[in-house]
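Participant: attaching a predicted model along with its sequence, questions to come.
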Amino acid sequence: MPLLASIVMAALAVHVPAGAGPVNTSHPTRVVGNGNARSCTSAAVVAAVRAGGVIHFSCGPRPVVITMRRTAKVVNTSREVVLDGGGNVTLSGGGRRRILYMDTCDPKQVWTTAHCQDQSSPRLVVQNITFAEGNSTDRRFDGGGGGAIYNDGDRMTLSIGGSVFTGNHANEGGSAIFFVSNDRTGTMAIRHSSLEHNPNERFHTPGLPGIYFLGARRPTISHSTLKLRRGDELSAALLAVMRPRTCSFLLLSIA
């Protein structure tokens, strides 16, 4: 099956159940597109993420792939940035660039406190969306981690629901997702999602293929699949072992 077709099929197969998404997006702050696929452009995504708030997509009834010409970057003055693709949107790095970036200590994205890491926002949420073919191997400022999502700061949160990450690459830490809370207070949750075929060029957090994570505790993972290789159905199995308080699952590599 061609890569584009497999990405679309994966996106359609994983969708957050009604009422299970991290954020209610029924009243979005802004909308990407005006009802057809051609209106859903990289520039529109970049502008919406820069503006912040709850972001919906209006790209027509069929699945659409938006190839990013620039990385979408969160401005740190935003209280939250929520991307909801409605189950029909794939953001693709085209194998050439990172897709989504947030760093509270990047001066170009604005410092909001005297010490750039001492802030609890923006909150970052992605749901009902696919991140494919992100590539951060050419990044030098931040070390090149996180081909799909780069998230660096202190007290921030990252919530992922009903989403697919596939075919992403990074120079180091986390081919799909790089999440570092420098004071170990940040948290990440993954629900009803799939991370597959995100090869680690150098390293990832043990038991979390495609992810490099430093935070307050292990990420909360539920009803999700993390695989090491495309087509390897048993390479990483989520065992239904509920952990007290975190409601996460034990991730066991059995390849």
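Facilitator: Yep, that arrived. Numbers count the residues shown, from 1 in each chain.
Participant: use CA for all of it now, contacts and neighbours both
Facilitator: Will do.
Participant: got a list of what Tyr101 touches?
Facilitator: Listed by Cα atoms under 8 Å, 6 or more residues apart in numbering, the contact set of Tyr101 reads 71-74, 149-151.
Participant: please redo it, this time with the cut-off set to 10 Å
Facilitator: 49, 71-75, 109, 146-152, 178 (Cα atoms under 10 Å, 6 or more residues apart in numbering).
Participant: now, those residues that are in strands?
Facilitator: Residues of the contacts of Tyr101 located in strands (DSSP state E): 72-73, 149-152, 178.
Participant: among those, which one has the lowest pLDDT?
Facilitator: Lowest pLDDT within the ones in strands among the contacts of Tyr101 is found at Asp152 (87).
Participant: hmm, that one is touching Gly173, no?
Facilitator: No. When contacts are counted by Cα atoms under 10 Å, Asp152 is not listed as touching Gly173 (12.0 Å).
Participant: what residues are shared contacts of those two?
Facilitator: Taking Cα under 10 Å, 6+ apart as the contact rule, Asp152 and Gly173 both touch 179-180.
Participant: comparing the two, which residue is more hemmed in?
Facilitator: Gly173 (27 against 22; other Cα atoms under 10 Å).
Participant: next, Gly162: phi, psi?
Facilitator: In terms of degrees, to the nearest 10, the main-chain angles of Gly162 are phi 60, psi 40.
Participant: please apply the same query to the one 5 residues further on.
Facilitator: When quoted as degrees, to the nearest 10, the phi and psi of Gly167 stand at phi 70, psi 30.
Participant: from the chain's centroid, how far away is the longest strand seen in the chain?
Facilitator: Counting residues, the longest strand found in the chain (DSSP E) is strand 80-92. Taking the mean of its C-alpha atoms, strand 80-92 sits 9 Å from the chain's own mean (Cα atoms, centre = their mean, to the nearest Å).
Participant: list the neighbouring strands of the helix or strand following that strand plus their orientation.
Facilitator: Note on strand 80-92: by DSSP states H and E, the next helix or strand toward the C-terminus is strand 100-103. Applying DSSP bridges to the sheet, strand 100-103 is found paired with strand 72-73 (parallel), strand 149-153 (parallel).
Participant: redo those as CSV? Include distance to Ser159.
Facilitator: Shown next, in CSV, are the strands paired with strand 100-103 (distance: least, Cα to Cα, whole Å):
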stretch, distance to Ser159
strand 72-73, 17
strand 149-153, 11
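Participant: thought Val74 was touching Cys105?
Facilitator: No. Contact criterion Cα under 10 Å: Val74 and Cys105 do not qualify, at 11.7 Å.
Participant: okay, now the unreliable bits of the protein?
Facilitator: Applying pLDDT under 70 to the chain flags residues 1-21, 107, 109-121, 139-143, 201, 228-255.
Participant: tell me the centre residue of it?
Facilitator: For the chain, the residue sitting closest to the mean C-alpha position, by Cα atoms, centre = their mean, is Ile149 at 4.9 Å.
Participant: that one and Pro61, how far apart?
Facilitator: 26 Å (Cα to Cα, to the nearest Å).
Participant: now do the helices in the stretch 1-150 of the chain.
Facilitator: 3-13, 42-51 (DSSP state H, counting those that start in this stretch).
Participant: could you pull out the strands for the stretch 151-255 of the chain?
Facilitator: 157-161, 164-166, 177-181, 187-191, 194-196, 211-214, 220-222, 225-226, 236-239, 250-253 (DSSP state E, counting those that start in this stretch).
Participant: residues in contact with the fourth one?
Facilitator: Looking back up the chat, that one is strand 187-191. Residues outside strand 187-191 that contact it (Cα under 10 Å, 6+ apart): 16, 20-22, 124-127, 154-163, 179-181, 213-225, 246, 248.
Participant: just how off-centre is stretch 66-73 within its chain?
Facilitator: Between the centre of stretch 66-73 and the centre of its chain there are 13 Å (Cα atoms, centre = their mean).
Participant: nope, stretch 174-192 is what I was after
Facilitator: Here stretch 174-192 is found 10 Å from its chain centre; the criterion is Cα atoms, centre = their mean.
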